[in-house]
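# Dropping a prediction and its sequence here:
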Amino acid sequence: MAATMKLSTLGYAASMLSTGLLDEQFQKLLLLQNKSDPNFVAETITLFCEDGEHTIGELTKRLDKQCVNFDEVAAFVHKLEGGSASVGAKRVKNTCIQFLEFCKEKSRDGCLKTLDTLRVVFYEVSGKFKDMLQLEQQQAEATK
Amino acid sequence: MEGGGGLEEGVMRVLLVDDSPVDRKVVQLVLGSNTFAGSFHVTAVDSAKKAMEFLGLKDGKEQAIDMVLTDYCMPEMNGYDLLKAIKAMSFLKPIPVIVMSSENEPQRISRCLKAGAEDYIVKPLQTKDVPRLRSCSNAKSKDASCNTVSNRKLPADHIVVDGASSPGRRAHITEIAMILHSSSAGLSHYFPFLFKFILLVYTILCLGELLHRWSNGSFLSMW
């Protein structure tokens, strides 16, 4: 059962890889997962989705202010960049890198524009992750 | 704070410091994978302050940590400040510290190595990075030199890591090697530039010698 689940997840991940949403880091995580904790990757990507949503909320709040603290904004973006690199969310990571450039330039307009892009790519990848987890859960229930 | 419990001999005790729950999870996945099953016991904290509190509880007692693996960018107290604090606090029984960061920035690497970091790893942590953790840990013999990638990959006739040399000199050599290794350009990309630079210096020296001889009137005697 664990092997079937893993194969379906790998297949789903392969499609996300081909569209550039994920990079090979995600596949490495799947291959590292062991039998003692088969839900490790699922927990990690769930954390990523929750943490990322919280981060985007904080960024929206901070950029809504007239006087923006770019160091604080950069700290949040950097954290999301790190998390996305760790799970292999390539497009989110690249958008965060662009975002950090605008933070360095202290450009509120640039940051706002990139935040819109970040929101789109983040929700795209987190939506796919949620679909993937749902698929696994359905398969697990079907094989019981 | 995550982790705890009794330990078998030979298990490396790692204090992981990272404010990102995702990154902590990934490091735990890598160190807990089948490849290294049972080799690591990871205690994870989400701030440098908690790391200090954890390490501070062990004052006067045998340290329960073989190595600290810390993220660089953290709020309030960052990994660099944590590194300096640990090195200052643990001078009697040094605790190896490895810094992780998503930034592959030579200045940052240099700064950390100068402050005493045993190594600098670009995130995300990969399976291939784990031997670098092992080689820097207190779980090994204290006399064993830290087998960082910089020391292993460079030829012995170019870099001599003398165990008797001062920590500053070794850190400087390690720093240069680490920067070259960690640069995204790769070591091999420096060779053409280095070759041209050496050629230029040699040409200038030769010209200087020729001008010197010309001015001394000994130029014609060469012919």
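Here it is on my side, so go on.
# Residue 125: neighbour count?
Using chain A here. For A:Val125, the neighbour count with other Cβ atoms under 10 Å in any protein chain shown is 24. C-beta: built from backbone N, CA, C; applies to glycine.
# please go with chain B instead
B:Leu125 has 23 nearby residues by other Cβ under 10 Å.
# what does A:Gln139 give?
Counted with other Cβ under 10 Å, the neighbours of A:Gln139 add up to 16.
# element containing it, please.
In this assignment (DSSP states H and E), A:Gln139 forms part of helix A:108-142.
# mind checking pLDDT for residue 66?
Here I'm looking at chain A. Model confidence at A:Gln66, given as pLDDT, is 87.
# You answered for a different chain; I wanted chain B.
For B:Asp66, the pLDDT comes out at 90.
# My read is that it contacts B:Gly10, right?
No - in this structure, B:Asp66 is not within contact of B:Gly10 by Cβ atoms under 8 Å, at 10.4 Å.
# what about the strands in chain B?
B:12-17, B:40-45, B:67-71, B:97-101, B:119-122 (DSSP state E).
# quick one: average confidence on stretch B:32-39?
For stretch B:32-39, mean pLDDT is 78.
# try stretch B:194-202
The model assigns stretch B:194-202 a mean pLDDT of 84.
# separation between the residue of chain B at minimum distance from chain A and A:Phe48?
Nearest to chain A in chain B, going by Cβ to the nearest Cβ, is B:Val22, at a distance of 3.8 Å. Distance, B:Val22 to A:Phe48, using Cβ to Cβ, to the nearest Å: 5 Å.
# Now for B:Phe36, how many residues are close by?
B:Phe36, neighbours per other Cβ under 10 Å, totals 17.
# Tell me which residues touch the nearest residue to it once chain neighbours are set aside, please.
Distances taken as Cβ to Cβ, 6 or more residues apart in numbering or on different chains place B:Val130 nearest to B:Phe36, at 6.0 Å, with adjacent residues excluded. Contacts for B:Val130 (Cβ atoms under 8 Å, 6 or more residues apart in numbering or on different chains) come out as B:30-31, B:35-36.
# buried subset of these?
Among the contacts of B:Val130, those buried by neighbour count (16 or more other Cβ atoms under 10 Å in any protein chain shown) are B:30-31, B:36.
# Looking at those residues, which are in helices?
Among the buried ones among the contacts of B:Val130, the residues falling in helices (DSSP state H) are B:30-31.
# who in chain A is up against chain B?
Residues of chain A lying close to chain B (Cβ under 8 Å from any Cβ of the partner chain) are A:25, A:28-29, A:32-34, A:36-37, A:40-41, A:43-44, A:47-48, A:51, A:75, A:78-79, A:81-83, A:85-87.
# Just the ones of these in helices?
The members of the residues of chain A next to chain B that map onto helices under DSSP H are A:25, A:28-29, A:32, A:40-41, A:43-44, A:47-48, A:51, A:75, A:78-79, A:81-83, A:85-87.
# ok, A:Lys93 touching A:His78?
No - under the criterion of Cβ under 8 Å, A:Lys93 is not in contact with A:His78, lying 11.0 Å apart.
# Reformat the strands of chain B as CSV; add distance to A:Glu101 and mean neighbour count.
Below are the strands of chain B laid out as CSV (distance: least, Cβ to Cβ, whole Å; neighbours: other Cβ atoms under 10 Å in any protein chain shown):
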stretch, distance to A:Glu101, mean neighbour count
strand B:12-17, 27, 24
strand B:40-45, 31, 21
strand B:67-71, 21, 25
strand B:97-101, 17, 25
strand B:119-122, 19, 23
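# Turn these into CSV, including distance to chain A.
Below are the strands of chain B laid out as CSV (distance: least, Cβ to the nearest Cβ, whole Å):
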stretch, distance to chain A
strand B:12-17, 13
strand B:40-45, 13
strand B:67-71, 8
strand B:97-101, 8
strand B:119-122, 9
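# quick one: low-confidence ranges for the chain?
The chain I'm using is chain A. A:1-10, A:34-36, A:144 (pLDDT under 70).
# actually chain B
B:1-8, B:57-63, B:138-191, B:218-223.
# Around chain A, pick out the residues from it.
B:19-23, B:25-26, B:29-30, B:32-35, B:37, B:71, B:73, B:75, B:102, B:123-124, B:126-127.
# which of those count as buried?
Buried residues within those, counting neighbours by 16+ other Cβ under 10 Å: B:19-23, B:25-26, B:29-30, B:32-33, B:71, B:73, B:102, B:123-124.
# Tell me where chain B has helices.
Using DSSP H, helices in chain B cover B:21-31, B:48-56, B:79-89, B:106-114, B:130-136, B:149-153, B:167-182, B:190-215.
# Tell me which of these is the most buried.
helix B:21-31 (a mean of 24; mean count of other Cβ atoms under 10 Å in any protein chain shown).
# packing partners for it?
With contacts taken as 3 or more Cβ pairs under 8 Å, 6 or more residues apart in numbering or on different chains; DSSP states H and E, helix B:21-31 sits against helix A:24-32, helix A:40-64, helix A:70-87, strand B:12-17, strand B:40-45, helix B:130-136.
# got the CA coordinates for it in PDB?
Listed in PDB are the C-alpha atoms of helix B:21-31, where the atom choice follows Å, rounded to 0.1, in the frame of the first residue of the first chain:
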ATOM      1  CA  PRO B  21       9.000  24.700  10.700                       C
ATOM      2  CA  VAL B  22       9.200  23.400   7.100                       C
ATOM      3  CA  ASP B  23      13.000  23.600   7.100                       C
ATOM      4  CA  ARG B  24      13.200  21.900  10.500                       C
ATOM      5  CA  LYS B  25      11.000  19.100   9.200                       C
ATOM      6  CA  VAL B  26      13.100  18.600   6.100                       C
ATOM      7  CA  VAL B  27      16.400  18.500   8.100                       C
ATOM      8  CA  GLN B  28      14.800  15.900  10.400                       C
ATOM      9  CA  LEU B  29      13.700  13.900   7.300                       C
ATOM     10  CA  VAL B  30      17.200  13.900   5.900                       C
ATOM     11  CA  LEU B  31      18.900  13.000   9.200                       C
END
